[in-house]
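Peer 1: Predicted model, plus sequence, below.
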Amino acid sequence: MGETVTYWLLLPEVWLIVGIVLIIVEILIGTAYFLLALGVAGLILSGIVFFQEIFLFGLLTDWMDVAICYGILSIVSIFIVKALVRKDSQDQDINQY
């Protein structure tokens, strides 16, 4: 069972699909940019998994490594997206008197 999970999580196509689906769901239902950050983390992880054999020499070898990397990327991307959104939302409100 663990080998099957590891096989699927080490495919960059899986993370590309996960990232795109999460971004589309964010666009459709709007979850305050939470799913957008998770989707961006999925896309970044897809690139890491794709290029790991060339540049990183097999850094991610097990499903736990992939899960930890996705968790860290998700947390970092949530903070970055929230910081970017907070800067844009400081405009004056038309209803303030």
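Peer 2: Looks like it arrived, so ask away.
Peer 1: Could I get the buried residue list for the helix or strand bottoming out on mean pLDDT in the chain?
Peer 2: With mean pLDDT, DSSP states H and E as the measure, the helix or strand of the chain carrying the lowest mean pLDDT is helix 2-9 (a mean of 85). Buried residues in helix 2-9, counted by 16 or more other CB atoms under 10 Å: 6, 9. Bear in mind the C-beta positions are built from the backbone N, C-alpha and C, glycine included.
Peer 1: does residue 74 really touch residue 36, like I thought?
Peer 2: No - under the criterion of CB atoms under 8 Å, residue 74 is not in contact with residue 36, lying 11.1 Å apart.
Peer 1: Just the C-alpha atoms of the least confident helix or strand of the chain, please, in CSV.
Peer 2: Listed in CSV are the C-alpha atoms of helix 2-9, where the atom choice follows Å, rounded to 0.1, in the frame of the first residue of the first chain:
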residue,chain,number,x,y,z
GLY,A,2,2.8,2.4,0.9
GLU,A,3,4.6,1.8,-2.3
THR,A,4,1.5,2.7,-4.3
VAL,A,5,1.0,5.9,-2.4
THR,A,6,4.6,6.8,-2.9
TYR,A,7,4.4,6.1,-6.6
TRP,A,8,1.5,8.4,-7.1
LEU,A,9,2.8,11.2,-4.9
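Peer 1: counting contacts, what elements does that helix pack onto?
Peer 2: For helix 2-9, the elements it packs on are helix 63-88, judged by 3 or more CB pairs under 8 Å, 6 or more residues apart in numbering; DSSP states H and E.
Peer 1: how far out from the middle of the chain is the helix it packs on?
Peer 2: Centroid separation for helix 63-88 versus its chain: 6 Å, with CA atoms, centre = their mean, to the nearest Å.
Peer 1: do the same with stretch 31-44
Peer 2: What separates the centre of stretch 31-44 from the centre of its chain is 5 Å, taken as CA atoms, centre = their mean.
Peer 1: Could you export it as PDB, CA atoms only?
Peer 2: What follows is stretch 31-44, C-alpha atoms only, in PDB (Å, rounded to 0.1, in the frame of the first residue of the first chain):
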ATOM      1  CA  THR A  31     -12.400  30.700   0.100                       C
ATOM      2  CA  ALA A  32     -10.500  33.900   1.000                       C
ATOM      3  CA  TYR A  33      -7.500  32.800  -1.000                       C
ATOM      4  CA  PHE A  34      -6.900  29.700   1.100                       C
ATOM      5  CA  LEU A  35      -7.200  27.200  -1.800                       C
ATOM      6  CA  LEU A  36      -5.300  29.500  -4.100                       C
ATOM      7  CA  ALA A  37      -2.300  29.200  -1.700                       C
ATOM      8  CA  LEU A  38      -2.600  25.400  -1.600                       C
ATOM      9  CA  GLY A  39      -2.900  25.200  -5.400                       C
ATOM     10  CA  VAL A  40       0.200  27.400  -5.800                       C
ATOM     11  CA  ALA A  41       2.000  25.000  -3.300                       C
ATOM     12  CA  GLY A  42       0.900  22.100  -5.400                       C
ATOM     13  CA  LEU A  43       2.200  23.700  -8.600                       C
ATOM     14  CA  ILE A  44       5.600  24.400  -7.000                       C
END
